[in-house]
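Asks: I would like the atomic coordinates for the input below:
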Amino acid sequence: MNQSRPLSAGTVTLVGAGPGDPDLLTVKAVRALARATVVVHDGLVDDSIIAMAPASARLISVAKSRARHTMAQEAINALLVAEALKGETVIRLKGGDPFIFGRGGEEVEACRKAGVSVDVVPGISAAIGCAAEANLPLTHRDAASAVSFVAGQCKGLTEQDWSGLAGKGRTLVIYMGVATASEIADKLIADGVAPNMPVAVLEKGTRGDSRALRSLLADLGDLIVREGVKSPALIVVGDVVLHSDAEDRLFQFARQAEVLA
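Replies: Numbers count the residues shown, from 1 in each chain. Coordinates of the predicted model:
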């Protein structure tokens, strides 16, 4: 922490809002939200969670999408700092957990640099919550003893080295991979993962309109298109998928392969 700056009168608390279901909020998260005078929230945070804020709290959306960024991360950092320096109790609501692809680390660093008091309330990550809903064990004694999380929507995707992250005895969870699913499948197969490795797509996990679908790695891109999968969705690659309740779409892939043959 920058010791040359006194702590501000206001505070910033990064709160993990979980994968969507408001019942999955921690008690600490609910208590923090109840104290908010300003709520800065992502687009992935369910409206029912935002509604838990006091009626007097000011709500600020910093929702982002693949095609449209309403506010750059640097501007979000500056916003949190500015509101805290005005003496506000700022709750930064973030989908899942703030430190799993949530850029929470950047926001904490910005607050500390500005002398703003900041703390973090962890949340159930999307991977944990969505997998649990589908009864999909990310580890299983018969299938996997290691789990890796990667982002499927980032610069230089094809140049990234994912070798060793997926395959027998391992589970790979891919965030933000819907738009690049075909490229992801090609990349993993090129890195040596078997085309018939089971995959699951967990769409809008823990929400009322959630879906869990299962197929094979070679079918991943086509599965996304056939089923009209929309973000937010996670992709799980590994034999653990066979232990889940995900709806089997293997027969559609087999039928398509027969037609092509």
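Asks: which residues in this protein form helices?
Replies: For the chain, helices defined by DSSP state H occupy the ranges 27-34, 47-50, 73-85, 104-113, 126-133, 181-190, 220-227, 250-260.
Asks: Now do the fifth one: everything it contacts.
Replies: Right, helix 126-133. For helix 126-133, the surrounding residues in contact (Cβ atoms under 8 Å, 6 or more residues apart in numbering) are 18-21, 24, 95-96, 100, 137-138, 149, 173, 175, 202, 205-206, 210, 212, 232, 234, 236, 244. For the C-beta atoms, the positions are set from N, CA and C on the backbone; glycine is no exception.
Asks: Specify the residue ranges that define each domain of this protein.
Replies: 11-124, 127-260 (automatic domain parsing).
Asks: Let's have the ones you listed in JSON lines, adding mean neighbour count.
Replies: Shown next, in JSON lines, are the domains of the chain (neighbours: other Cβ atoms under 10 Å):
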{"stretch": "domain 11-124", "mean neighbour count": "19"}
{"stretch": "domain 127-260", "mean neighbour count": "18"}
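Asks: can you tell me which of those the model trusts least?
Replies: Least confident of the domains of the chain, judged by mean pLDDT, is domain 127-260 with a mean of 90.
Asks: Bridged to residue 173, which residues?
Replies: Beta-bridge pairing for residue 173 (DSSP bridges): residue 149, residue 236.
Asks: show me what contacts it?
Replies: Taking Cβ under 8 Å, 6+ apart as the test, what residue 173 contacts is 127, 131, 138, 147, 148, 149, 150, 234, 235, 236, 237.
Asks: repeat for residue 248
Replies: 214, 215.
Asks: Look up how far residue 139 lies from it.
Replies: 22 Å (Cβ to Cβ, to the nearest Å).
Asks: Taking the contacts of residue 173, tell me the two that lie furthest apart.
Replies: Spatially, the most separated pair among those is 131 and 150, at 15.2 Å (Cβ to Cβ).
Asks: Compute the distance between residue 168 and residue 238, please.
Replies: Distance from residue 168 to residue 238, by Cβ to Cβ: 9 Å.
Asks: meant to ask about residue 17, not that
Replies: 27 Å.
Asks: next one: residue 128
Replies: 15 Å.
Asks: Now do the contacts for residue 30.
Replies: Taking Cβ under 8 Å, 6+ apart, one finds residue 52 in contact with residue 30.
Asks: and if you look at the one 4 residues further on?
Replies: Contact partners of residue 34, counting by Cβ under 8 Å, 6+ apart, are 52, 53, 54.
Asks: If we use 10 Å, what do you get?
Replies: 52, 53, 54, 57, 91 (Cβ atoms under 10 Å, 6 or more residues apart in numbering).
Asks: Redo the residues you listed as TSV? Include distance to residue 44.
Replies: Shown next, in TSV, are the contacts of residue 34 (distance: Cβ to Cβ, whole Å):
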residue	distance to residue 44
52	16
53	16
54	22
57	19
91	15
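Asks: I'd like to know the beta-bridge partner residues of the closest residue to residue 59 other than its chain neighbours.
Replies: In this structure, residue 59 finds its nearest non-sequential neighbour in residue 39, 5.1 Å apart by Cβ to Cβ, 6 or more residues apart in numbering. Taking DSSP bridges as the rule, residue 39 bridges to residue 59, residue 91.
Asks: ok, now residue 14?
Replies: In beta-bridge terms (that is, DSSP bridges), residue 14 pairs with residue 92, residue 120.
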